[in-house]
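Q: below are the sequence and a predicted model for it; my questions follow.
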Amino acid sequence: MVADVISGAPPELRHRSVRIYQPTRNTMQSGPDKGNRWRIDFDILQGAGRWENPLMGYASSADYVQGVRMSFRTKEDAVHFAEKQGWDYYVYPPMVKRIPPKNYAENFLYRPTTLRWQQTK
């Protein structure tokens, strides 16, 4: 049984589409701890009544589920939850984590096409 029928949620929330993705690691984060989780976000509605607050410049919206984020341990858990709620969903493939190789000797490598700049102090 689909949970949206008995959940008491408003009817306009029942047919919203959600996206399931694995967010990239924060640039200020050195460890891979939070990069393994999967997240569900609601898509932004076209006529959601978005505006900018004239006093502070904050972005405001009449869409009450725009700020809702749910995180799951696996993609299968997130897909199962979206199916159980009766939501339309689409899954983004995870981003490939590419770490460029670093070598200390590259700092002193001679390249005829580039000008090297050396610090003396």
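A: Sure thing, it's come through. Model, not experiment: these values are computed from the prediction.
Q: so how many other residues sit close to residue 38?
A: 21 (other C-beta atoms under 10 Å). C-beta coordinates here come from the backbone N, C-alpha and C atoms, glycine included.
Q: does it touch residue 74 like I think?
A: Yes: here residue 38 lies in contact with residue 74, judged by C-beta atoms under 8 Å, at a distance of 6.5 Å.
Q: what segments of this protein are strands?
A: Taking DSSP state E, the strands of the chain run over residues 17-21, 38-42, 51-52, 59-60, 69-72, 88-91.
Q: the third one - which strands sit beside it in the sheet, and in what orientation?
A: Using DSSP bridges, the neighbouring strands of strand 51-52 in the sheet come out as strand 59-60 (antiparallel).
Q: how far off centre is the partner strand?
A: 19 Å (C-alpha atoms, centre = their mean, to the nearest Å).
Q: and the contacts of that strand?
A: Residues outside strand 59-60 that contact it (C-beta atoms under 8 Å, 6 or more residues apart in numbering) are 50-53.
Q: name the nearest of these relative to residue 91.
A: In terms of C-beta to C-beta, no member of the contacts of strand 59-60 lies closer to residue 91 than residue 50, at 25.9 Å.
Q: separation between the residue most central in space within the chain and residue 89?
A: Taking C-alpha atoms, centre = their mean, the centroid of the chain lies closest to residue 23, which sits 4.0 Å from it. According to C-beta to C-beta, to the nearest Å, residue 23 and residue 89 sit 16 Å apart.
Q: quick check, pLDDT for residue 94.
A: Per-residue confidence at residue 94 stands at 87 (pLDDT).
Q: angle of the helix ranked longest in the chain against strand 17-21?
A: Of all segments of type helix in the chain, defined using DSSP state H, the longest is helix 75-85. Put simply, helix 75-85 runs at 170 degrees to strand 17-21, going by axes from the mean of the first three to the mean of the last three C-alpha atoms, to 10 degrees.
Q: any idea how far helix 75-85 is from the chain center?
A: With C-alpha atoms, centre = their mean as the basis, the mean position of helix 75-85 lies at 17 Å from the chain mean.
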